[in-house]
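Asker: quick check, what structure comes out for this input:
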Amino acid sequence: MLKLAILGFLYDRPLHGYELRRHLSALTGHVRPISDGTLYPAIKRLETAGLLVRETEPGTAAAPRHTLHLTEAGRTALRDRLREPEPLDISDENRWFTLLAFLRHLADPAAQAAVLRRRLAFLAEPASFFYEGERPLGAEEFADPFRRGLLLVARATSEAELGWLHATLAELGEPAAE
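Answerer: Prediction:
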């Protein structure tokens, strides 16, 4: 998720490490705070892999600043990851939101629609946070107001997302199901 977010933000424009961290925190920090001990090694790995470069420029104070720029290989890596997301990028809500934040970088509406159809297929599967054997339990089956509330909120969120997915697929000129 971090690699995808770094590549996605740098696809838009070069950023200083501090700016990148601010953008990452705004996108995912409420769920998974990004520490320097996580961010800077990730940047270094992407730099070593040739996906980004660091350019030094004079700072406003005495110390020079490093600006991170995406390479063409980095742009290609991002588009490849968006075109063929990992299964967890589709099923995990936080990873899905990260992928969705940058899906516009795929220029092909059919490729965008293919990713949305994968999410639609995932959401169509019966699921719950609670099961009786293999059977998912619904909100109406709980007297516990907290579990019932959790399931009702999750259902409303899923229904809103399903509506958005269908509308967006129509906007892209693609059918929701093949």
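Asker: go through this protein and flag its longest helix.
Answerer: Assignment by DSSP state H gives helix 145-171 as the longest helix of the chain.
Asker: show me what that helix is packed up against.
Answerer: helix 109-124 (3 or more CB pairs under 8 Å, 6 or more residues apart in numbering; DSSP states H and E). The C-beta positions use only the backbone N, C-alpha and C, and glycine is treated the same way.
Asker: re earlier: buried set for the longest helix of the chain?
Answerer: Going by neighbour count (16 or more other CB atoms under 10 Å), the buried part of helix 145-171 is 147, 150-151, 161, 165, 168-169.
Asker: do the same with stretch 25-44
Answerer: For stretch 25-44, by 16+ other CB under 10 Å, it's 27-28, 34, 39, 42-43.
Asker: show me where this protein has strands.
Answerer: Using DSSP state E, the strands of the chain run over residues 15-16, 52-57, 65-70, 131-132, 135-136.
Asker: quick one, which of the ones you listed is nearest to Glu174?
Answerer: With respect to Glu174, and counting by CB to CB, the nearest of the strands of the chain is strand 65-70 at 28.0 Å.
Asker: first-to-last residue distance for stretch 3-20?
Answerer: Criterion CA to CA, to the nearest Å; first-to-last residue distance in stretch 3-20 is 12 Å.
Asker: now that stretch: buried residues?
Answerer: Neighbour count says stretch 3-20 has 3-11, 14-15, 17, 20 buried, by 16+ other CB under 10 Å.
Asker: centre of the chain to it, how far?
Answerer: Chain-centre distance of stretch 3-20: 14 Å, with CA atoms, centre = their mean, to the nearest Å.
Asker: what's in contact with it?
Answerer: Under the contact criterion CB atoms under 8 Å, 6 or more residues apart in numbering, stretch 3-20 has outside partners 23-24, 27-28, 39-40, 42-43, 46, 51-52, 55, 65-70, 74-75, 77-78, 81, 89, 95, 98-99, 101-102, 105.
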